[in-house]
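> Test case, fold it:
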Amino acid sequence: MIKLIVSDLDETLLGLDGSISDENIKAIKKAQKAGVKFVPNTGRGFSSVQGLLQKLGLKDQKEEFVISYNGGAIVENAGLKVVQTNELTFEQASEIYNIAMKVKDFDTHVYTLNDVYIYNPLQADLDYIETRGVRPIEYKEKDLKLLRNEKIMKVITMNPDFNRLAYMRDLVLKNVDFDLNVTFSSDRYTEFNKKGVDKGLATLELANRLGIKKDEIMAIGDNGNDLPMLSKVGLPIAVSNANDQAKKIAKHVTNGDYVNGVAEAINKFVLD
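Got it, this is the predicted structure:
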């Protein structure tokens with residue numbers, strides 16, 4: 001019996017314009033009414049998810065949660081109470097930033113606990129993140145000294161060419177002397193998190209807090225940063241627009257895409 005649903009947002013639950021369909025909303029609310037928890041599990045910060053939580057009836061609710069920053073933070077919706085963080089050290093974040101910001105066909109995001117800073121903002125990226133409710137702060141410094149006292153959750157870079165994403169991954173890993181968790185998302189981002197931090201481990205940590213077993217969890221995703229989540233739960237689901245890796249891990253691939261794939265999975269495995 002499924003007691004917890006964790007779902008990626010962009011291109012899984014949300015459309016290309018950042019919207020959620022009425023069909024998905026209806027299914028999620030039915031699952032909630034049946035006593036099943038629904039937890040967004042996203043690479044984005046929790047502040048950008050508040051509008052979605054409002055639509056789902058989860059905003060400001062006690063014992064309801066969001067997993068943010070690819071598992072970097074677990075936040076209770078009531079009062080935006082930070083339950084757990086797994087951030088990069090300042091030195092680690094600085095090394096990644098110092099490498100990435102020199103590659104001119106990328107922009108670089110630095111996610112602190114409460115804000116997103118962006119170096120060398122590219123218009124295509126600004127257009128995309130605007131639909132996601134992300135409000136970045138332009139950062140023009142050549143180092144991260146101004147953020148020394150902040151919790152830096154992750155550093156990501158953007159380029160729409162997958163070969164360039166892989167290039168950035170390899171460049172950073174070759175030039176740092178510490179381990180990282182590196183994933184790809186939304187067919188445009190290379191994401192750098194602290195080693196051991198991912199959507200899957202955060203899911204299990206939250207489930208343990210809630211007294212829920214891994215076999216009682218359904219996870220829904222579409223892209224590279226969802227793979228740890230899909231591989232660690234009892235029922236991994238990929239929406240039809242997911243990449244081949246996600247589909248390979250999934251026990252079920254929906255007929256629907258981000259418009260109604262989540263609703264399809266809930267109706268089939270939770271409400272049926």
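> C-alpha from now on. contacts and neighbour counts both.
Fine.
> need the next SSE after the one helix or strand in the chain whose mean pLDDT sits lowest, C-terminal direction.
Using mean pLDDT, DSSP states H and E, helix 123-130 stands out as the lowest-scoring helix or strand of the chain, at a mean of 93. Next along the chain after helix 123-130, taking DSSP states H and E as the criterion, comes strand 137-138.
> State the next helix or strand along the chain beyond that next one.
Next helix or strand after strand 137-138 toward the C-terminus (DSSP H and E): strand 152-158.
> Return the angle between stretch directions for that next one and helix 123-130.
With axes from the mean of the first three to the mean of the last three Cα atoms, to 10 degrees defining the directions, strand 152-158 sits at 130 degrees from helix 123-130.
> what sits up against strand 152-158?
Strand 152-158 is contacted by residues 69, 72-73, 85-90, 93, 96-97, 100, 106-113, 125, 165, 168, 188-194 when judged by Cα atoms under 8 Å, 6 or more residues apart in numbering.
> Quick one: mark the members of these that sit in strands.
Cross-referencing the contacts of strand 152-158 against strands under DSSP state E gives 73, 85, 107-112, 189-194.
> domain ranges for the chain?
4-85+198-269, 90-194 (automatic domain parsing).
> For those, state which one has the densest average packing.
Of all the domains of the chain, domain 4-85+198-269 has the most neighbours on average by mean count of other Cα atoms under 10 Å, namely a mean of 20.
> Walking through the protein, point out its helices one by one.
With DSSP state H, the ranges of helices along the chain come out as 22-33, 50-56, 90-100, 123-130, 162-175, 199-210, 227-231, 244-249, 261-269.
> how near is the residue lying closest to Val197 once chain neighbours are set aside to Asp22?
Closest residue to Val197 apart from its sequence neighbours, by Cα to Cα, 6 or more residues apart in numbering: Gly71 at 5.8 Å. According to Cα to Cα, to the nearest Å, Gly71 and Asp22 sit 27 Å apart.
> got it, and Gly200?
Remark: distance between Gly200 and Asp22 (Cα to Cα) = 27 Å.
> for Asp115, same thing?
In terms of Cα to Cα, Asp115 sits 30 Å off from Asp22.
> what's the answer for Leu165, then?
34 Å.
> what's Met229 in contact with, if anything?
Going by Cα under 8 Å, 6+ apart, Met229 touches Asp198, Lys199, Gly200, Leu201, Thr203, Ala219, Pro236.
> The same query, at a cut-off of 7 Å, please.
The contact partners of Met229, by Cα atoms under 7 Å, 6 or more residues apart in numbering, come to Lys199, Gly200, Ala219.
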